[in-house]
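In: the sequence and its predicted three-dimensional model are supplied below.
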Protein chains: 2
Amino acid sequence: MGTPSIIALDAMSGDLGAEVVVRASHASLEKYRHIELILVGNEAELRDLVTRIIGEDPRLRIVHASEVVEMGDAPAEAVRKKKDSSMRVAIDLVKSGEAHACVSAGNTGALMATAKFVLKMLPGIDRPAIIAELPSMHGSIHMLDLGANAQCTAEQLFQFAVMGSIVTADIRRIENPRVALLNIGAEDTKGNDTVREAAALLQASTLNYVGFIEGNDLFNGKADVVVTDGFSGNVALKAMEGIVGLVKHHMKRAFTRDWPSRLQALLARPVLKRIAEETDSRNYNGATLVGLNGIVIKSHGGADAYAFQHAIDTAVVEVRNQVPQQIGNLLRQEAA
Amino acid sequence: MGTPSIIALDAMSGDLGAEVVVRASHASLEKYRHIELILVGNEAELRDLVTRIIGEDPRLRIVHASEVVEMGDAPAEAVRKKKDSSMRVAIDLVKSGEAHACVSAGNTGALMATAKFVLKMLPGIDRPAIIAELPSMHGSIHMLDLGANAQCTAEQLFQFAVMGSIVTADIRRIENPRVALLNIGAEDTKGNDTVREAAALLQASTLNYVGFIEGNDLFNGKADVVVTDGFSGNVALKAMEGIVGLVKHHMKRAFTRDWPSRLQALLARPVLKRIAEETDSRNYNGATLVGLNGIVIKSHGGADAYAFQHAIDTAVVEVRNQVPQQIGNLLRQEAA
């Protein structure tokens, strides 16, 4: 591991501002020896934050960008009109080869459109998809698309499966990950036409396709990669976020409703703390926009420094594994 | 409340057999004075169970049915070939007016197809939808379609909204329930064509339409009725079930991993028990097939007696409120 991984960080687009990104950079510089970071954004503001939080580090530099893509900006507008945004400049650094990957907590639609425009798609892939690692009872699963494509064809679902298979094999270091299609029943006749056509394509492929999976089976180890369209994927992901919030709300209320309950909470604190850690979604921050000629990692907009650092971790792993090149190779193999 | 509600129970189609249904019947007969139950299925088996579990009760009778719809039966086959199934006979009792509603824990597709064939749709409704009550931080929400229609048009989503609004108003006793469309973003431009067209239809209606809602906002009180297609709805529902299982798995593991943890679990037992009760999905068993000329309640296939009894509760409320008639009235009003 002689050559460092160089990661460009869009420091301006997250909900919590640049300080979060600078603090995450600090932690990442301490964690990895072979890393170089490029903070992209308002130079004066970033300089101040770096001086205060990190000090001098030859592995960190700042690249100025005069604009910021807002959460409400339309994707096409962001591409056309904000050519000096921190998001755009970070992606440009990947295009020019000055960075091996970039991380942004900005507007998902704008990030996708800009990345597609600047980096272009891999041959054989129509549109980028969003893939992320989710916790399961036996380690984790990867799921895509989590919201990039609100309508998908069977061919796109097939392309997602190819990309998901590569990413999962790399990140989790497993051979031939088991690929499943999310559906509303396990039988062949269930679901809509698109998902049944995608199943036929997957059955005829070299991928390790294991069939349909239902939402309640996502986390019990039946598959390593779960493929779905961006509408259902995003709905499922956010519904899970919602229900975890609800369960935590019930727990909090139950443990604070009267003095005996509070005492029990105090006595059980070490265990409750461990549960909070194990169900902490920040450990799963950092989704990848796959299908592009380059590595683009999307952090949650509201990520704090701890969560943003996890998105940087994802970038580091993908750089080491040269994920886009590998996807390109497998696609050529499937097409042959 | 002089006239009793008469509920037909398909006693044979659930995963756990007839005993569960007989035990649930026993509990319901004790809970409600003005109820009559008809157990439908194998007469000898049911007679035995009733003698053993309930004894004599003039409010309970048995109607024989010689066949059972299996979980693997294709819906069309169930309609055509199993005319003396417990499911079919229970629905026939609703059609003939001998029962005011029926409850079945059987094959969802077969239940829908049979109910549609026997009872017919309300004028103005194309297809039945599955609606259920889900817990939220401020009481509950109703969501539909939870899996009856894997592909939907904007017009169908609109019809679901009308039906959902009526059911929610009745069951939760709220006027003008707030209706939201499930989407992958809150902005008007988000999602696919179908959901955007449905939004336009809802905006022009007399319903209390409050806009798009994302999965993570389902449970924090922003809407009373959430409308989506059966694919996304089913995926969201089951993904939530999956993640609740995962959280409980983490809790259990954390509280049993060593002796100090086990001691803490023991000390916190009253609170843990309350949390388990509050997050018990059995309290939300009993989804309604809306849009039909009659009341059909779908219980979870794996429901135990406690859960099945909750499905009977749902039937009782809908009979009292004459839900199908009310939906018909509102549809006529919207069409006028």
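Out: Sure thing, it's come through. Quick caveat: nothing in here was measured; it's all calculated off a predicted structure. Numbering: from 1, shown residues only, chains lettered A, B, ... in the order given.
In: give me the buried positions along the strand or helix carrying A:V167.
Out: Per DSSP states H and E, A:V167 falls inside helix A:154-172. Neighbour counts over helix A:154-172 (16 or more other CB atoms under 10 Å in any protein chain shown) mark A:154, A:156-172 as buried. For every residue, glycine as well, the C-beta is placed using N, CA and C.
In: for stretch A:243-254, same thing?
Out: A:243-247, A:250-251, A:254.
In: now, which of those sits nearest A:E19?
Out: Using CB to CB, A:G245 comes nearest to A:E19 of the buried residues of stretch A:243-254, at 25.4 Å.
In: any idea how far the closest one is from A:N283?
Out: From A:G245 across to A:N283, the span is 16 Å (CB to CB, to the nearest Å).
In: ok so, going back, can you lay out the buried residues of stretch A:243-254 as a markdown table showing secondary structure?
Out: As requested, those are arranged in a markdown table below (DSSP: H, G, I helix; E, B strand; the rest coil):
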| residue | secondary structure |
| --- | --- |
| A:I243 | helix |
| A:V244 | helix |
| A:G245 | helix |
| A:L246 | helix |
| A:V247 | helix |
| A:H250 | helix |
| A:M251 | helix |
| A:A254 | helix |
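In: from those residues, which are also near chain B?
Out: When contact is defined as CB under 8 Å from any CB of the partner chain, the buried residues of stretch A:243-254 meet chain B at A:243-247, A:250-251, A:254.
In: in the stretch 201-336 of chain A, which spans are strands?
Out: A:208-213, A:225-227, A:287-290, A:295-298 (DSSP state E, counting those that start in this stretch).
In: let me know which of the ones you listed is tucked in deepest.
Out: Comparing those by mean neighbour count (mean count of other CB atoms under 10 Å in any protein chain shown), strand A:225-227 comes out on top with a mean of 30.
In: follow-up on the earlier one: nearest to B:G328, of the strands of the stretch 201-336 of chain A?
Out: Minimum separation from B:G328 across the strands of the stretch 201-336 of chain A (CB to CB) falls at strand A:208-213, 36.5 Å.
In: hmm, the closest one in reach of chain B?
Out: No. Counting by CB under 8 Å from any CB, chain B is not contacted by strand A:208-213; separation bottoms out at 9.7 Å.
In: so which residues of the stretch 51-200 of chain A form helices?
Out: Here the stretch 51-200 of chain A has its helices, by DSSP state H, counting those that start in this stretch, at A:75-81, A:86-96, A:108-119, A:154-172, A:193-203.
In: list the buried residues for the first one?
Out: Buried residues in helix A:75-81, counting neighbours by 16+ other CB under 10 Å, are found at A:75, A:78-79.
In: ok, now stretch A:313-328?
Out: So, applying 16+ other CB under 10 Å, buried residues of stretch A:313-328: A:313-319, A:321, A:323-324, A:326-328.
In: looking at the residues you listed, which is nearest A:E133?
Out: A:T314 (7.9 Å).
In: surely that closest one touches A:L289?
Out: No. Checked against CB atoms under 8 Å, the pair A:T314 and A:L289 is beyond contact range at 11.3 Å.
In: intersection of neighbour lists for these two?
Out: A:I297 (CB atoms under 8 Å, 6 or more residues apart in numbering or on different chains).
In: leaving out the residues flanking it, which one is nearest to the spatially most central residue of chain A?
Out: Centroid-nearest residue in chain A: A:A287, 0.2 Å away (criterion: CA atoms, centre = their mean). In space, A:A287 comes closest to A:A132 once its chain neighbours are excluded; the distance is 3.8 Å by CB to CB, 6 or more residues apart in numbering or on different chains.
In: how close does the one you found sit to chain B?
Out: To chain B, A:A132 is 14 Å away according to CB to the nearest CB, to the nearest Å.
In: re the thing from before, let me have the strands of the stretch 201-336 of chain A in TSV, extended by mean pLDDT.
Out: Below are those laid out as TSV (pLDDT from 0 to 100):
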stretch	mean pLDDT
strand A:208-213	95
strand A:225-227	97
strand A:287-290	92
strand A:295-298	95
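In: redo those as CSV? Include distance to B:G124.
Out: Shown next, in CSV, are the strands of the stretch 201-336 of chain A (distance: least, CB to CB, whole Å):
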stretch, distance to B:G124
strand A:208-213, 33
strand A:225-227, 37
strand A:287-290, 42
strand A:295-298, 43
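In: and those: which comes nearest B:L49?
Out: When those are ranked by distance to B:L49, counting by CB to CB, first place goes to strand A:208-213 at 35.7 Å.
In: just how off-centre is the closest one within its chain?
Out: When distances are taken as CA atoms, centre = their mean, to the nearest Å, strand A:208-213 is centred 23 Å away from the chain's centroid.
In: how deep is the residue lying closest to A:A129 once chain neighbours are set aside tucked in, by neighbour count?
Out: Once flanking residues are discounted, A:A129 sits nearest to A:D145: 3.8 Å by CB to CB, 6+ apart. Residues near A:D145, counting by other CB atoms under 10 Å in any protein chain shown, number 29.
In: for A:D145, give me phi and psi.
Out: Main-chain dihedrals, A:D145, degrees, to the nearest 10: phi -90, psi 140.
In: hang on, it packs against A:V225?
Out: No. Contact status for A:D145 versus A:V225: not in contact, 11.8 Å apart, counting by CB under 8 Å.
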